[in-house]
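Asks: below: sequence and its predicted model.
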Number of protein chains: 2
Amino acid sequence: MTENQLTYQFYVPEPTLRRLPWYLAYAQLILKEGELHVSSTQIAKNIAVDASLVAKDLSYVQITGRTRVGYDVKELVHVLESFLGFTVSHKAFLFGVGSLGGSLMHDNGLKQFGLEIVAGFDVKYELSGTSINRIPIHHFDRFTELQKQTGVNIGILTVPVEKAQSVSEIMIEGGIQAIWNFTPYRIRVPEKVIVQNTSIYAHLAVMFNRLNAIEECENCKKKITRKS
Amino acid sequence: MTENQLTYQFYVPEPTLRRLPWYLAYAQLILKEGELHVSSTQIAKNIAVDASLVAKDLSYVQITGRTRVGYDVKELVHVLESFLGFTVSHKAFLFGVGSLGGSLMHDNGLKQFGLEIVAGFDVKYELSGTSINRIPIHHFDRFTELQKQTGVNIGILTVPVEKAQSVSEIMIEGGIQAIWNFTPYRIRVPEKVIVQNTSIYAHLAVMFNRLNAIEECENCKKKITRKS
């Protein structure tokens, strides 16, 4: 990797990184349909993003489109998959084998996107020695020992809210460098540790509020209509 | 509900709606620990958000803090849970009982946050009549009929990317008003339909990129050290 590429990788803004998988999904779709080339305008139109934004986002990736032809679809898929880290297998430990944690262990989709959960940890002794989807579950006490053996540096946090901070501290002390936090709790970590918050329940709140607004609005209209 | 409150509900910005569950999680935590009052400064400090932002976000919610005392923790929990829609049970249909869809059906956490998946739909005939976590699975053809019977207006989209657009169109035609889209595909919908995108794999891409940057950076440093 050249220094130039390195600089590129360092400065990819998060909104770009979140949009790139949309372009990938679209490119994979049209690749299946047999399309050979795609322009940023076509991508933009189909996924309802501004065309200049698509072009700007794709400028971070090492791919060049040809004038009036566009990007080679196969190349675009390949380059995006690789750029996004989906082609390399990243091993992860999961902390807290409750309902959500167990669900994530069930999800084979993660593997296709480059994440392999290699073990689950929980404080419940009755879970130790069992497995979900062939992934072994160990007692939380064994984490440090198993981290040393395997070097796993990604941790998925699915413990109850009240344990989120204390467990993340033990994770970091034990060698975890990136935490995928599924709890709604905002953990505080040293600067060098990466935290990705994915609170699916927060998304639920947004949806409920919008739906509620529509329903209230319809009730409004009914009331107004009744009055007049 | 007064007209004033209604106006409030209509204009809650999405970033605020996404942060409110963090405040709720923190308030629930300190409620368990027996705290009676909490200030916006204390919330801000503990979850690493600016204090003025916390106060501004909470101004959307119908709660008033007392000077030098702060918010009543119990009231804060109650008001936030209710405001976010977590206290009402919203019924939802799930479309696409694959790995991710099945995982979501396994997750009992959703129910605690107000979402009850009442049925799953899939095109695979061998899945029809089976169930996951006591939630029945029907053939996709039965959706319109069951929607009419139940009035369910929330749909969870977990189909493969290439089916995302066509399935969402059938969902909307059949009466779905809010789509929780877990696919990385950007579906196009009529303006009145609510879409909440939760592409957990896109979050994974952000995490991989940041981790990669750190690793590359460490390799850099090693090279630089070796050279000097």
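Replies: Perfect, thanks for sending it.
Asks: how does chain A divide into domains?
Replies: Under automatic domain parsing, the residue ranges defining each domain of chain A are A:3-84, A:90-197, A:203-228.
Asks: and the longest one, how far apart are its ends?
Replies: Here the two ends of domain A:90-197 are set 18 Å apart, with distance taken as Cα to Cα, to the nearest Å.
Asks: can you give the distance of it from its chain's centre?
Replies: Remark: domain A:90-197 is offset 15 Å from the chain centroid, using Cα atoms, centre = their mean, to the nearest Å.
Asks: so for it, mean pLDDT?
Replies: Per-region confidence: domain A:90-197 scores 95 on mean pLDDT.
Asks: do the shortest one as well
Replies: The average of the pLDDT scores along domain A:203-228 is 71.
Asks: for chain A, just list every one of the strands.
Replies: Shown for chain A, the strands assigned by DSSP state E span residues A:37-38, A:71-72, A:90-95, A:115-122, A:131-132, A:135-139, A:154-157, A:178-181, A:194-197.
Asks: nearest residue to residue A:131 in space, please, no chain neighbours.
Replies: For residue A:131, ignoring the flanking residues on the chain, the nearest one in space by Cβ to Cβ, 6 or more residues apart in numbering or on different chains is residue A:137 at 6.0 Å. All C-beta spots, glycine's among them, are computed from the backbone N, C-alpha and C.
Asks: all helices of chain A, in order?
Replies: For chain A, the helices defined by DSSP state H cover A:3-10, A:14-32, A:40-47, A:51-58, A:73-83, A:99-106, A:109-112, A:143-150, A:161-173, A:200-227.
Asks: include distance to residue B:70 and mean neighbour count when you put those helices into TSV, please.
Replies: As requested, these are arranged in TSV below (distance: least, Cβ to Cβ, whole Å; neighbours: other Cβ atoms under 10 Å in any protein chain shown):
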stretch	distance to residue B:70	mean neighbour count
helix A:3-10	41	12
helix A:14-32	32	20
helix A:40-47	44	18
helix A:51-58	42	17
helix A:73-83	46	19
helix A:99-106	31	23
helix A:109-112	41	16
helix A:143-150	37	15
helix A:161-173	20	18
helix A:200-227	23	16
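Asks: could you point out which of those helices sits nearest residue A:191?
Replies: helix A:161-173 (11.5 Å; Cβ to Cβ).
Asks: which elements pack onto the closest one?
Replies: Under the contact definition 3 or more Cβ pairs under 8 Å, 6 or more residues apart in numbering or on different chains; DSSP states H and E, helix A:161-173 sits against strand A:90-95, helix A:143-150, strand A:154-157, strand A:178-181, helix B:14-32.
Asks: turn these into JSON lines, including distance to residue A:121.
Replies: Listed next are the helices and strands packed on helix A:161-173 as JSON lines, based on distance: least, Cβ to Cβ, whole Å:
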{"stretch": "strand A:90-95", "distance to residue A:121": "5"}
{"stretch": "helix A:143-150", "distance to residue A:121": "5"}
{"stretch": "strand A:154-157", "distance to residue A:121": "9"}
{"stretch": "strand A:178-181", "distance to residue A:121": "13"}
{"stretch": "helix B:14-32", "distance to residue A:121": "21"}
